[in-house]
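Visitor: can you look at this prediction? I've put the sequence above it.
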There are 2 protein chains.
Amino acid sequence: MKIIEGGVTAAKGFFAASTAAGIKYKDRTDMALIYSETPCRVAGTFTTNIVKAAPVKWDQKIVRESAYAQAVIVNSGIANACTGAEGYGYCQATADAAAEALGIPADSVLVASTGVIGMQLPMDRLTDGIRAMAPKLDGSLESGAGAARAIMTTDTRQKEAAVQFEVGGRTVTVGGMCKGSGMIHPNMCTMLAFVTTDLVISKELLQEALSEDIRDTYNMISVDGDTSTNDTVLLLANGQAGNAEITEKNADYEAFRQALNTINETLAKKMAGDGEGCTALFEVKIIGAESKEQAVTLSKSVITSNLTKAAIFGHDANWGRILCAMGYSRALFDPEKVDLFFESAAGKLQIIRDGVALDYSEEEATRILSEPEVTAIADVKMGDASATAWGCDLTFDYVKINADYRS
Amino acid sequence: MKIIEGGVTAAKGFFAASTAAGIKYKDRTDMALIYSETPCRVAGTFTTNIVKAAPVKWDQKIVRESAYAQAVIVNSGIANACTGAEGYGYCQATADAAAEALGIPADSVLVASTGVIGMQLPMDRLTDGIRAMAPKLDGSLESGAGAARAIMTTDTRQKEAAVQFEVGGRTVTVGGMCKGSGMIHPNMCTMLAFVTTDLVISKELLQEALSEDIRDTYNMISVDGDTSTNDTVLLLANGQAGNAEITEKNADYEAFRQALNTINETLAKKMAGDGEGCTALFEVKIIGAESKEQAVTLSKSVITSNLTKAAIFGHDANWGRILCAMGYSRALFDPEKVDLFFESAAGKLQIIRDGVALDYSEEEATRILSEPEVTAIADVKMGDASATAWGCDLTFDYVKINADYRS
């Protein structure tokens, strides 16, 4: 597997475009179109919030009922959530407009929205945006990057990733883009992620690969503990790599799983590391766990703890808060057996052994915690299972951004 | 029932003292002693965090095994949590010192600590503090208030409450004090609460009254979603009111339950309204719920949502975040049936009906949300159950306090 440049246009036959439709933001692009020149098998995973945005309901239907998908229309600025029947009607209208502009069936058009909850979309601007994008579609890396920028909300940078690997002598590419910065929490995030590949694979295995992989990637990040109404991951496969179709879990499937995992983990970490207002990516590894489930519960509890996140912002080795967050997670372990380490590019330092603080240097701990990517490793000494979760620090800017997001 | 002045010294036969022992803070009191001139029946509830501070373990043993308790030694500054066998030994040493100074058995001395996790207590200063307080004990309101101030950490004000009611012609008093500002979350808070009463009641009913009442009071508040290692509520009854002993759930028991609920709810709201860095008490009422459990889950999810809390700080009627937080709570309801109102001293305003925004005035909403106590009321229209939870807004100062708490 080889990491390459690019995002959603990296794989063969995928094109993208973006435009400034003026949906809510001024002086920036706010709509993106992903298009495959041939129909795609599609897999999707969606928010577990029972308040689901209209585009989530629309896409769930397309993924479930349509044989193929060929385009995705994304807008930022307005989430089209809590918008009732009117909002759902706008998904249909968006698909109709895209179908007409692209000459494809409306039930092969997926839609996604991100932004403020509760406002209705300005449909005329959305329709104009679709008409403006259709003729601009192209397969360049620049088009993909433009699409990645257009879907940003409070994100500070675009998020893309792409890899290549071989299947039976054929080169297969997987590429993706995502957005997500606030209202981000496991199961899933206020995040939109779009992954494209030219692999030939059955629809069942495409969905299974995605559903399994998000558990270790998007579902392991948290910015603020709030699970959005709009979370969507779409995976489109147009088959242009020309490999023999993958219909069982063989070595080719495993190669694809690895490639997909690399894309999803890269994008997930980019979201956590670009959390609203954050200054550091905060990684938490639980090792020596009795079970994967226990390790997941413990690691997520720590990355979600406001007190721990504020301590990371202060470069403060406040390990008591980490142990405390593990303690209220409802996973069972013996606090008096825990070892804890901090690690970053600046070094690695053991802080506690068997639940009690070592005589470590606070200065060295602060130096390690002052890096842009910091890791806490807790060994609960019960078994061989482990899990890694990603979050970020809690800062003044997080509060600033969210105290007045709507204006 | 009548609300009166005072705190832990309001009930007959209870005395308090405080001192500046220099445990961690400078130029302020940091130790408190509560003492009853006669032995008390005692009830207690404690943190559900599996990382339990040493004093929690000590008090659990006293409440379970001792027939009577007669004194409580409290210190602020150091939590005596994650301190291993050495830390537990300091609880015994504290009880021994208090027993000697007060002439009572060591197994009738309760202890409580709040502050930084992981540091060992300076036992010599603690012992000196106990010796300094014992001769200063008195039953004045000032002594009670002094004790309430001595146990504060990041609290900005002392928290006390007291009420009186009649049992068979005898006046019974219930009074209490608490501290709690950060690391506060249901089940229970980083909070210490001490309630005293002169009621005569069986130990079983004393514990049952407390265990039931904390579900509607202390367990319904959250400042930051972090459940502490030290949470403790102690309820001492010395029987000096001279009423006929309450041994069954009759009208007298109900009168006591009401009095206790008033004390606990008052103290709980004072903690939520004095959350670290907060500018407003945020009350969330869920009405029309199918069950109490559902209403509790929904209301707690909203008061714990960082995004909602930041919006309250910004006086922003960002109702989408409230609906979103209800949606990810895992309680089932129909988002398209929800009505939502904001209410404060400045008025009451309906924001959404049947899940969709009304054409309300943002200006009026902001005016309502600019008060120091604001309420969100969500009607899920499924039944008659309801619950109320209390939290606070998320502010710059919360981050500031917690990014550098230890220094």
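Guide: Received, thanks. Numbering: from 1, shown residues only, chains lettered A, B, ... in the order given.
Visitor: which SS class is A:Ile286?
Guide: Look at A:Ile286: counting by DSSP: H, G, I helix; E, B strand; the rest coil, its state is strand.
Visitor: test my guess that it contacts A:Gly383.
Guide: No: the pair A:Ile286 and A:Gly383 does not pass the contact test of Cβ atoms under 8 Å, sitting 11.0 Å apart. In short, each C-beta sits where N, CA and C put it, glycine included.
Visitor: more neighbours, those two?
Guide: A:Ile286 (30 against 14; other Cβ atoms under 10 Å in any protein chain shown).
Visitor: state the pLDDT value of the more buried one.
Guide: You'll see A:Ile286 listed with a pLDDT of 97.
Visitor: for A:Ile3, same thing?
Guide: 95.
Visitor: give me the number of residues near A:Lys57?
Guide: 13.
Visitor: burial check on the residue of the stretch 51-200 of chain A found nearest chain B, number of neighbours?
Guide: Nearest to chain B, among the residues of the stretch 51-200 of chain A, is A:Ile117, at 2.6 Å (Cβ to the nearest Cβ). By the measure other Cβ under 10 Å, the count of residues near A:Ile117 is 26.
Visitor: out of everything not next to it in sequence, what's closest to it?
Guide: Excluding the flanking residues, the one nearest A:Ile117 by Cβ to Cβ, 6 or more residues apart in numbering or on different chains is B:Gly320, at 2.6 Å.
Visitor: what secondary structure does A:Ala209 sit in?
Guide: A:Ala209 is classified as helix under three-state DSSP.
Visitor: can you get me a residue count around it?
Guide: Neighbours of A:Ala209 (other Cβ under 10 Å): 24.
Visitor: also A:Glu208?
Guide: Neighbour number of A:Glu208 under other Cβ under 10 Å is 16.
Visitor: which residues in the stretch 101-250 of chain A form strands?
Guide: Applying DSSP state E, counting those that start in this stretch to the stretch 101-250 of chain A gives strands spanning A:109-116, A:159-167, A:170-179, A:192-197, A:232-237.
Visitor: show me which residues of the strand ranked longest in chain A are buried.
Guide: Assignment by DSSP state E gives strand A:31-46 as the longest strand of chain A. Burial within strand A:31-46, assessed by neighbour count using 16 or more other Cβ atoms under 10 Å in any protein chain shown, is assigned to A:31-36, A:39-46.
Visitor: among those residues, which one sits closest to chain B?
Guide: Nearest to chain B among the buried residues of strand A:31-46, with distances taken as Cβ to the nearest Cβ, is A:Phe46, at 12.7 Å.
Visitor: can I get the lengthiest helix in chain A as PDB, trimmed to CA atoms?
Guide: Criterion DSSP state H: the longest helix present in chain A is helix A:251-273. Output in PDB follows, covering the C-alpha atoms of helix A:251-273 (Å, rounded to 0.1, in the frame of the first residue of the first chain):
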ATOM      1  CA  ALA A 251      -6.400 -11.600   0.800                       C
ATOM      2  CA  ASP A 252      -7.700  -8.900  -1.700                       C
ATOM      3  CA  TYR A 253     -10.500  -8.000   0.700                       C
ATOM      4  CA  GLU A 254      -7.900  -7.700   3.500                       C
ATOM      5  CA  ALA A 255      -5.800  -5.400   1.300                       C
ATOM      6  CA  PHE A 256      -8.800  -3.200   0.700                       C
ATOM      7  CA  ARG A 257      -9.700  -3.200   4.400                       C
ATOM      8  CA  GLN A 258      -6.200  -2.000   5.200                       C
ATOM      9  CA  ALA A 259      -6.400   0.700   2.600                       C
ATOM     10  CA  LEU A 260      -9.800   1.800   3.800                       C
ATOM     11  CA  ASN A 261      -8.600   1.800   7.400                       C
ATOM     12  CA  THR A 262      -5.600   4.000   6.500                       C
ATOM     13  CA  ILE A 263      -8.000   6.500   4.700                       C
ATOM     14  CA  ASN A 264     -10.500   6.500   7.500                       C
ATOM     15  CA  GLU A 265      -8.000   6.700  10.400                       C
ATOM     16  CA  THR A 266      -6.100   9.500   8.600                       C
ATOM     17  CA  LEU A 267      -9.300  11.500   8.100                       C
ATOM     18  CA  ALA A 268     -10.600  10.800  11.600                       C
ATOM     19  CA  LYS A 269      -7.300  12.000  13.200                       C
ATOM     20  CA  LYS A 270      -7.400  15.100  11.000                       C
ATOM     21  CA  MET A 271     -10.900  15.900  12.400                       C
ATOM     22  CA  ALA A 272      -9.900  15.400  16.000                       C
ATOM     23  CA  GLY A 273      -6.700  17.400  15.500                       C
END
